[in-house]
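>>> A predicted structure for the sequence below; I have some questions about it.
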Amino acid sequence: HKANTRRQQSDCWHTPEHPTMSWQAYVDTQLLGAGASRAAICGRNDSTVWAHSAGVALLPEEIKTLHSALNEGDHTSLFRNGLLLEGVRHTVVSDADGLLHAKHGAAGVLVAATAKALLLAWYNADTRPEATNAALVALADYLRSMGY
């Protein structure tokens, strides 16, 4: 019988193709490095937070609700009910090209989904989301190409 070729160890996945893929490094370098004020990568199927920046306090129920809403073809419930993250309701303002954009006042959050992960990047009222948007889309595209 074949040995399992993938094992989880702290915040890294080890596979023959990717010896050390750190979810925390993606948060720190790709998302925070692009100007996000906070960021997180969550498991789409298990509703757990795989990596996050300081100050992120997502609840499993919020991740599960986001996952379920994203599985709807037209995301009607997100536009109707908003997006609850960290106990704060955000108004969904756009859903285009695989990127969800929600706002709370002048600040907001961008969400991208892959087959196995949800990527979230917050921006503050005093920053513009364009660079964060580009970094989030690039990371999501990369993870999709790697089977995540």
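Happy to help now that I have it. Quick caveat, the model's predicted, so the values are computed rather than measured.
>>> which stretches of the chain have low pLDDT?
For the chain, the stretches with pLDDT under 70 are 1-21, 73-74.
>>> change it to 80
Per-residue confidence for the chain (pLDDT under 80) gives these ranges: 1-21, 72-75, 97-98, 128.
>>> biggest helix in this protein, by residue count?
Using DSSP state H to assign secondary structure, the helix with the most residues in the chain is helix 130-145.
>>> Which secondary structure elements does that one sit against?
Counting contacts by 3 or more Cβ pairs under 8 Å, 6 or more residues apart in numbering; DSSP states H and E, helix 130-145 packs against strand 99-104, strand 107-113, strand 117-123. Heads up, the C-betas are built off the backbone N, CA and C, glycines and all.
>>> Show me what the first one is packed against.
Here strand 99-104 is seen to pack against strand 83-85, strand 88-96, strand 107-113, helix 130-145 when contacts are counted using 3+ Cβ pairs under 8 Å, 6+ apart.
>>> The second one now?
Taking 3+ Cβ pairs under 8 Å, 6+ apart as contact, the helices and strands that strand 107-113 lies on are helix 60-71, strand 83-85, strand 88-96, strand 99-104, strand 117-123, helix 130-145.
>>> Correct me if wrong: Lys116 contacts Arg144.
No - proximity of Lys116 to Arg144 does not meet the contact threshold set by Cβ atoms under 8 Å, at 9.5 Å.
>>> okay, which residue is most central for this structure?
Nearest residue to the geometric centre of the chain (Cα atoms, centre = their mean): Leu119, 1.2 Å.
>>> can you redo the helices and strands packed on strand 107-113 as JSON lines with distance to Gly43?
Putting the helices and strands packed on strand 107-113 into JSON lines (distance: least, Cβ to Cβ, whole Å) gives the following:
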{"stretch": "helix 60-71", "distance to Gly43": "8"}
{"stretch": "strand 83-85", "distance to Gly43": "16"}
{"stretch": "strand 88-96", "distance to Gly43": "21"}
{"stretch": "strand 99-104", "distance to Gly43": "17"}
{"stretch": "strand 117-123", "distance to Gly43": "7"}
{"stretch": "helix 130-145", "distance to Gly43": "12"}
